[in-house]
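# Generate a structure from the sequence data that follows.
(one chain, ligands or ions: 1)
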Amino acid sequence: MRDYDCRDNVMLFGGIPVTDIAEEFGTPLYVTDENRLRENYRNLYGAFSKHMTTEIHYACKANSSLAILKILESEGSGIDAVSIGEVVTCMKAGFTPDRIIYTGNNVSNEELRAVAELGVLINIDSASELERLAKIKSSIPVSFRITPGVGAGHHAKVVTGAKGSKFGIPLKEVVPTYLRAKELGFEPKGIHVHIGSGGMSFEPFAEAMEILIETTNKLKDAGIDLEFIDIGGGIGVPYRPNEPEADIEELGMNLTEMVLEETDVRKIMLEPGRYLVCDTTVLLTRCVDVKDAGVKKYVGVDAGFNTLVRPVMYDSYHHVAIGNKFGRACTAKYDVVGHICETGDHLARDRALPDPEEGDVVVIYDAGAYGFAMSSNYNSRPLCGEALVHNGKAELIREPQGIEDLWRHQKIPERLLK
Ligand code: LLP
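Residues are numbered from 1 along each chain as shown. Below is the predicted model:
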């Protein structure tokens, strides 16, 4: 969790009072700090690349807004995409296909064809996908996602690498699958795992790396030399006050040392999503209602789980502050709740806040990863806008939807109109 400066009890974001940003662009609004995004990229890249050739493939599912992609493109990042939509969105932001890897799961032949035609490296997820892809195109770069039997994450719903997972190729099938790929005319370039998302311990990364290394060496014995090892994404970030940050210097040193000492592979790849974008962004909301329900006090804001679903979906903690009463003494504990007609629509629970009132700007921290990207039109609420702050200036990078966007792609059959 980042600390923010304040002036006259108003929180500053990228040097700008959050009240000004909320006033200028309206709420709810995701606001991203460009400098922080660049810093996060440089820190992570530096921690690995000082030891060996490193490619960072930003997992753009975390936030695929064009301006965010463009910033990372200009930093030299690559992309980890999971759908044809993500692939072409990234190309729209300036990424060439050779900087994109595609890691689909249960994808159709139509989608495989579209990705293959662009020449994007496909990270194959199953023996079935391999056979299907071979019928489409085998003259493209491929790698394989394996199931390491090691999983980690902030919630059971985002643990991906455990034994029996729906993702990847089970360990005992890995060597035969690579050999089959060769038989089908592919030249496998690498090997990949993704253990899960948001775990705060580094041990599972080392365990997964050990499996990758063992498998890479078995493949070498079978006559298959790989160019890269891809450890996937999953680096956790601190969402709570005083929670320590991940020591990425140590992670970089340990993982690269393992690869360099135990294999002939000389390139490491990572697919961070959360680490790059999470703390770059806050969600600005406006308090519209304050209620004392006796056993509970509520701060009602003009956003809901349509805007930020993580607290409801994963019981995730997002820190909350009142942007125009920043640093003021807290008076009581409140639940921060939204405008969705479900009891579960909480953005935060039991938070000490300084005398919330209607009109206050309620700031929800660390909303850059899987925030806007997972927002929806539930309850017929238009998607909110996004702004970018750079050099003390804020500008809109996504217009909020209007009401008419809610039915833009819908049709009433003629016969119902008679
Ligand atoms: N690579 C692959 C293949 C992935 O599936 C993911 C995330 C990543 C990389 C990036 O993981 P990260 O570095 O962001 O942890 N919606 C959830 C997170 C789901 C992650 C899905 N896969 C959340 O809000 O916590």
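# okay, now the residue nearest to His192 when sequence neighbours are not counted: neighbour count?
Leaving aside its sequence neighbours, His192 sits nearest to Asp230 (Cβ to Cβ, 6 or more residues apart in numbering; 4.0 Å). C-beta: built from backbone N, CA, C; applies to glycine. Using other Cβ atoms under 10 Å, Asp230 is surrounded by 27 other residues.
# Identify each buried residue in stretch 378-392, please.
Counting neighbours by 16 or more other Cβ atoms under 10 Å, one finds that the buried residues in stretch 378-392 are Arg381, Leu383, Cys384, Gly385, Glu386, Ala387, Leu388, Val389, His390.
# Let's see the pLDDT reported for the second one.
The reference is to Leu383. For Leu383, the pLDDT comes out at 98.
# how much space between the closest residue to it other than its chain neighbours and Ser376?
Leaving aside its chain neighbours, Leu383 sits nearest to Gln401 (4.6 Å; criterion: Cβ to Cβ, 6+ apart). Counting by Cβ to Cβ, to the nearest Å, the gap from Gln401 to Ser376 is 11 Å.
# what do the two both touch?
Leu383 (Cβ atoms under 8 Å, 6 or more residues apart in numbering).
# I'd say the residue nearest to His192 and Lys189 touch.
No: Asp230 is beyond contact range of Lys189, at 9.8 Å (criterion: Cβ atoms under 8 Å).
# Need the residues touching each of these two.
The contact lists of Asp230 and Lys189 share Ser143, where a contact means Cβ under 8 Å, 6+ apart.
# Could you check stretch 46-66 and say which residues are buried?
47-49, 51-52, 54-66.
# what do you get for stretch 109-123?
In stretch 109-123, counting by 16+ other Cβ under 10 Å, buried: Glu111, Leu112, Arg113, Ala114, Val115, Ala116, Leu118, Val120, Leu121, Ile122, Asn123.
# Same question for stretch 35-42.
For stretch 35-42, by 16+ other Cβ under 10 Å, it's Arg36, Leu37, Arg38, Asn40, Tyr41.
# what's the second one in contact with, if anything?
Looking back up the chat, that one is Leu37. Shown in contact with Leu37 (Cβ under 8 Å, 6+ apart): Ile68, Ile71, Leu72, Leu276, Val277, Thr280.
# can you check the third one too?
Contacts for Arg38 were tallied using Cβ under 8 Å, 6+ apart; they are Ile71, Glu75.
# Give me the three-state assignment for it.
helix (DSSP: H, G, I helix; E, B strand; the rest coil).
# gap between it and the ligand?
18 Å (Cβ to the nearest ligand atom, to the nearest Å).
# now the second one
When distance is defined by Cβ to the nearest ligand atom, Leu37 is 14 Å away from the ligand.
# swap in the last one?
Here the criterion is Cβ to the nearest ligand atom. By it, Tyr41 lies 13 Å from the ligand.
# do the same with the fourth one
According to Cβ to the nearest ligand atom, Asn40 stands 11 Å off from the ligand.
# State the number of residues packed around the closest residue to that residue other than its chain neighbours.
Counting by Cβ to Cβ, 6+ apart, Asn40 lies nearest to Leu276, which is 5.0 Å off, once chain neighbours are set aside. Leu276: 33 surrounding residues under other Cβ under 10 Å.
# Just to check, Leu276 is in contact with Tyr58?
Yes: at 5.8 Å, Leu276 and Tyr58 qualify as touching, with contact defined as Cβ under 8 Å.
# quick one, helices of this protein?
18-25, 34-49, 66-75, 84-92, 109-118, 127-136, 174-183, 203-221, 248-262, 274-277, 310-314, 414-417 (DSSP state H).
# Now do the fifth one: which elements does it pack against?
Taking 3 or more Cβ pairs under 8 Å, 6 or more residues apart in numbering; DSSP states H and E as the contact definition, the neighbouring helices and strands of helix 109-118 are helix 84-92, strand 121-124, helix 127-136.
# avg pLDDT for it?
97.
# Next, the buried residues of stretch 344-357.
Asp345, His346, Leu347, Ala348, Arg351, Leu353, Pro354, Pro356.
# Quick check: the residue of the stretch 301-418 of the chain nearest the ligand.
Per Cβ to the nearest ligand atom, Tyr370 is where the stretch 301-418 of the chain lies closest to the ligand, at 3.1 Å.
# just the stretch 251-400 of the chain next, same as before
For the stretch 251-400 of the chain, Cβ to the nearest ligand atom, closest residue to the ligand: Gly273, 2.7 Å.
# Quick check: residues of the stretch 1-150 of the chain near the ligand?
Residues of the stretch 1-150 of the chain lying close to the ligand (Cβ under 6 Å from any ligand atom) are Ala59, Lys61, Ala62, Asp80, Thr103.
# Can you read off the backbone torsions of Ile140?
phi -120, psi 160 (degrees, to the nearest 10).
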